[in-house]
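>>> Fold the following.
(2 chains)
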Amino acid sequence: MTTNTSEIDEIKSTPWNGGRSPFNVEYGKMMMWFFLLSDAFTFSGLLIAYGALRFSSVSWPNPDEVFQSAPGIHGGAPLVFVGIMTFILIMSSVTMVLAVEAGHRKAKSEVSKWMIWTIIGGLAFLSCQAWEWTHLHHEGAWWGANPFLNKDGSVASTNFTNLFFTITGFHGFHVFSGVVLNVIIWINVLGGTYERRGHYDMIEKVGLYWHFVDLVWVFVFTFFYLV
Amino acid sequence: MSADQQHIAHHDDHGSMTKKKIWGVFWVLLGITAIEFFIALVLIPRGVLSHPIGNILYIGLTLLKAFYIVAYFMHLKFEKLGLIYSILVPLMFIIFFIIWMLYEGNFWMHIRL
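Numbering: from 1, shown residues only, chains lettered A, B, ... in the order given. You can find the predicted model right below:
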């Protein structure tokens, strides 16, 4: 038996000749990736604006002096509180992947358990951010008000606080949206929606968003608190 | 449509994240963050590293953390090459944007001096 497959037929079997998904991902997951790409540009725009304004300033407030408090610690502890916040967000990212992993095994109760931990992590992060904002506000910092001096002792631009509240606020809004999505997904898990559907792909899609929020925080942490 | 989705949904043939790998990535992320803290709280205050060197290290370590989150937690490393490129290649524009804007910012500072 001879196989006379012409070259043209072989070409038709490539992923890009139609009839199948060339990226081998579900539509919703691919769209989530492209949404996150656009969101990455948004956050880049904000952080690059911060960078440009900082580069244009002769001096700039010292983050170790601005962010040196935590609940119960009145100053002198730079990076402690933001370290806790970073740990919480990384931890909630881990519990999210564990939920995705449990979803692959279709282990409903495990997915539910890890989703609960992810939601708790998100709420803990938001609570920390609420405390930090309140604390800074009590010190006189807000949009248009900057009580902190530059490193060289000169009066600092309010762009420092403007961008701090705008960028951490925009990130916090993403965390909040993520928590809302996680709660919806968790209710669906409990209701057996994905069990009936036969797969837990929705956990992966929301998980992508949740990891992206963690990813943005990694950059916010570096550029606001470390550099 | 639904048959196709079913087919796509069960593509567990490629490298999936096991619990062990997940915790492995967690320790890497925690370790990198610990190094950043060590630089900020010990090395720079003691004068072992200068601020500009510290900043370069921070940015390098941040990009490393970003790699681990995107590659493993977001699973991008295990997707089709086409999808990987379609997400990563457009990000090149950000590099240009960073260079232009920081250059411009620096220019303003010299005008102010």
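
>>> CA only for contacts and neighbour counts going forward, please
OK.

>>> Run through the residues that contact A:Glu195.
A:Lys106, A:Lys108, A:Val189 (Cα atoms under 8 Å, 6 or more residues apart in numbering or on different chains).

>>> give me the number of residues near A:Gly72?
6 (other Cα atoms under 10 Å in any protein chain shown).

>>> show me what contacts it?
Listed by Cα under 8 Å, 6+ apart, the contact set of A:Gly72 is empty.

>>> Got phi/psi on the residue of chain A found nearest chain B?
Closest approach between chain A and chain B, counting by Cα to the nearest Cα: A:Ser56, at 4.2 Å. Phi and psi for A:Ser56, reported as degrees, to the nearest 10, are phi -80, psi -10.

>>> Please list which of the contacts of A:Glu195 are also close to chain B.
Contacts with chain B within those, as defined by Cα under 8 Å from any Cα of the partner chain: none are present.

>>> Which of those residues has the largest number of neighbours?
Most surrounded of these: other Cα under 10 Å gives A:Val189, at 21 neighbours.

>>> What strand or helix carries that residue?
Using DSSP states H and E, A:Val189 sits in helix A:159-191.

>>> Please tell me how far B:Leu76 sits from A:Met202.
Using Cα to Cα, to the nearest Å, we find B:Leu76 at a distance of 16 Å from A:Met202.

>>> follow-up on the earlier one: distance between the helix or strand following the helix holding A:Val189 and the chain's centre?
On the C-terminal side of helix A:159-191, the nearest following helix or strand under DSSP H and E is helix A:193-197. How far helix A:193-197 lies from its chain's middle: 27 Å, per Cα atoms, centre = their mean, to the nearest Å.

>>> Which neighbouring elements make contact with the helix or strand that helix A:193-197 is followed by?
Next helix or strand after helix A:193-197 toward the C-terminus (DSSP H and E): helix A:201-220. Counting contacts by 3 or more Cα pairs under 8 Å, 6 or more residues apart in numbering or on different chains; DSSP states H and E, helix A:201-220 packs against helix A:27-55, helix A:80-104, helix A:159-191, helix B:51-68.

>>> Just name the most buried of the ones you listed.
Most buried of the helices and strands packed on helix A:201-220, by mean neighbour count (mean count of other Cα atoms under 10 Å in any protein chain shown): helix A:80-104, with a mean of 22.

>>> For the closest residue to A:Ile88 other than its chain neighbours, give me its contacts.
Setting aside the residues directly before and after it, A:Ile88 is nearest to A:Gly121 in space (Cα to Cα, 6 or more residues apart in numbering or on different chains), at 5.9 Å. Contact analysis of A:Gly121 by Cα under 8 Å, 6+ apart lists A:Ile88, A:Leu89, A:Met91, A:Ser92.

>>> Show me what counts as buried in the host helix or strand of A:Gly121.
Assessed by DSSP H and E, A:Gly121 sits inside helix A:108-138. Using 16 or more other Cα atoms under 10 Å in any protein chain shown as the test for burial, helix A:108-138 gives A:108, A:110-112, A:114-119, A:121-126, A:128-129, A:132-133, A:135-136.

>>> Before we move on, what's the pLDDT of A:Glu101?
A:Glu101 is assigned 95 on the pLDDT scale.

>>> Next one: the residue nearest the centre of chain B from chain A, what distance?
Centroid check for chain B by Cα atoms, centre = their mean gives B:Ala66 as the closest residue, at 1.8 Å. Applying Cα to the nearest Cα, to the nearest Å, the value for B:Ala66 to chain A is 6 Å.

>>> What's the local residue count around the residue nearest to that residue when sequence neighbours are not counted?
Leaving aside its chain neighbours, B:Ala66 sits nearest to A:Leu215 (6.1 Å; criterion: Cα to Cα, 6+ apart). Neighbour count for A:Leu215, taken as other Cα under 10 Å: 23.

>>> wait, isn't A:Leu215 in contact with B:Ile69?
Yes - the pair A:Leu215 and B:Ile69 passes the contact test of Cα atoms under 8 Å, sitting 6.7 Å apart.

>>> re earlier: can you give me how far the helix holding A:Val189 is from the chain middle?
With Cα atoms, centre = their mean, you get 8 Å for helix A:159-191.

>>> ok and that helix relative to helix A:108-138, angle-wise?
Using axes from the mean of the first three to the mean of the last three Cα atoms, to 10 degrees, the inter-axis angle of helix A:159-191 relative to helix A:108-138 is 160 degrees.
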